[in-house]
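K.L.:
What would the 3D arrangement of this be:
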Amino acid sequence: MGNVYTKSGALARRIYFGATTVWENLYYFLQKRVLADGGTFVENDVLISDDGAILILTPNAFKVGKLYSAKPDFGAGDFTVDRDSEATYTGQDGTRETALANVPRIEDGAILIEPQSTNLYLNSDVLATQNITTTASSYTVSFYGTGTITFSGSYSGSLVGTGAAVRVSKTFTATAGTLTSSISGTVTEGQCENLSYSTSYIPTAGVTETRLADHISVSTPAGVTSITETKNGVEQAPITVIPATYTIPVYNLGDELVVNGGFDTDTDWVKGGVTISGGNAVFNIVAGNPRLSQLLGVAVGVMCKITYEIISNTSDVDDFRLYSGGMFTQTSLDSSAGIHTLYLPSISLSADLIIRQLGGTIGEIVLDNVSVKEVLSGGVNINKVTML
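P.N.:
Residues are numbered from 1 along each chain as shown. Okay, here's the model as predicted:
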């Protein structure tokens, strides 16, 4: 049998059911199923309402490799959890806990999901002065305590602590070289990440340590037409382009940068050998290296999430790519039918998103739902996922 934990983190003997019958039934059946499966059930304030949903995931129940969905209540909608490393989080009693590999983290009424990151500091629990080799890129340093880290070498500045229980952080751009972090006073749980944001604490001893990314997914049930995520306490706009496998995001994203990415009209794109009609962009291979482009103007070095859908591909040559000379490094794209996603940094401010097919003599590639969004930060708190 599994365990039930109250919101304080203590083991509980019973579960408080909400005011509505629907909520009571879903809560009860979820708890019963989880405990019978040897999982852990966590109380929180997330309302498990039905709303006619096909699938409902809330931050209530887990075991190694699994997050339990409240609906369907027989296990077909449970999520697979893959993170082949330990990871820290704040437990319900406010103390730092360590989740074993492939165990999801429930923190402050939400599922904590993060990208991969490495703590570059050594012996991080109580930090001492040390050097780090840096590249010309963004770094974020964080720690608890009342001490100070003074930076010199590839970056000059300081980060001053404000309390033993308060985590402070500083993001800066270093040059290629050596960063010296000089410690004065009390600096605990120190962390230096080659990212533009901080993530959960990664303890180190005599070597750097890496926390691998959380990958949490489920095969999308038949009949789903929209997916709504409640992220960081805010309900997001529904996802209506439905993937065969839904994966919970690990990044917080900016607004959509592509105009007319659904090709609803024959506007906004510069075309060469491409026809926009019927809500799709059709790459005519006979036209010879057809291409499609649009100026987006993203700052250099900004990480972007790129999503697109291949409706069909009858081309005789598989050489579909983001083309050189554009805002991204030339990159081969998956041209098989389905929804595809990749993450790349922008390499040029005044350049286009260029999609191109090279070679081939027959057939066509039908493209839809092109999207580019800036990655604002990594680490997402998911309060609920509902599929209708």
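
K.L.:
Give me the neighbour count for residue 154.
P.N.:
When neighbours are defined as other C-beta atoms under 10 Å, residue 154 has 21 of them. Using the backbone N, CA and C atoms, a C-beta is placed for each residue, glycine as well.

K.L.:
Contacts only, for it.
P.N.:
Remark: with contacts taken as C-beta atoms under 8 Å, 6 or more residues apart in numbering, residue 154 is in contact with 134, 174, 175, 176, 177, 178, 179.

K.L.:
Can you give me the neighbour number for the second one?
P.N.:
It refers to residue 174. Other residues within reach of residue 174, judged by other C-beta under 10 Å, total 20.

K.L.:
what's the distance between it and residue 121?
P.N.:
Here the distance between residue 174 and residue 121 works out to 14 Å (C-beta to C-beta, to the nearest Å).

K.L.:
and if you look at residue 114?
P.N.:
From residue 114 over to residue 121 (counting by C-beta to C-beta), the distance is 18 Å.

K.L.:
Domain parsing of this protein, as residue ranges.
P.N.:
For the chain, automatic domain parsing gives the domain ranges 3-110+214-219, 117-211, 254-377.

K.L.:
Which among these is found nearest to residue 227?
P.N.:
domain 3-110+214-219 (8.6 Å; C-beta to C-beta).

K.L.:
And the closest one, how far out from the chain middle?
P.N.:
Relative to the chain's own centre, domain 3-110+214-219 is displaced by 19 Å; criterion: C-alpha atoms, centre = their mean, to the nearest Å.

K.L.:
now swap in stretch 294-313 and tell me
P.N.:
Taking C-alpha atoms, centre = their mean, one finds the center of stretch 294-313 at 16 Å from the center of the full chain.

K.L.:
Pick the one among the contacts of residue 154 closest to residue 52.
P.N.:
Using C-beta to C-beta, residue 174 comes nearest to residue 52 of those, at 51.5 Å.

K.L.:
helices or strands up against the longest strand belonging to the chain?
P.N.:
Among the elements of the chain assigned as strand by DSSP state E, the one spanning the most residues is strand 364-378. Under the contact definition 3 or more C-beta pairs under 8 Å, 6 or more residues apart in numbering; DSSP states H and E, strand 364-378 sits against strand 251-256, strand 280-284, strand 303-313, strand 352-357.

K.L.:
in it, what's buried?
P.N.:
Buried residues in strand 364-378, defined by neighbour count with 16 or more other C-beta atoms under 10 Å: 364-375, 378.

K.L.:
Okay, now the unreliable bits of the chain?
P.N.:
Applying pLDDT under 70 to the chain flags the ranges 1-25, 45-51.

K.L.:
Check the gap between the residue positioned nearest the centre of it and residue 113 for me.
P.N.:
Centroid-nearest residue in the chain, with C-alpha atoms, centre = their mean: residue 250, separated by 1.1 Å. Taking C-beta to C-beta as the criterion, residue 250 is separated from residue 113 by 5 Å.
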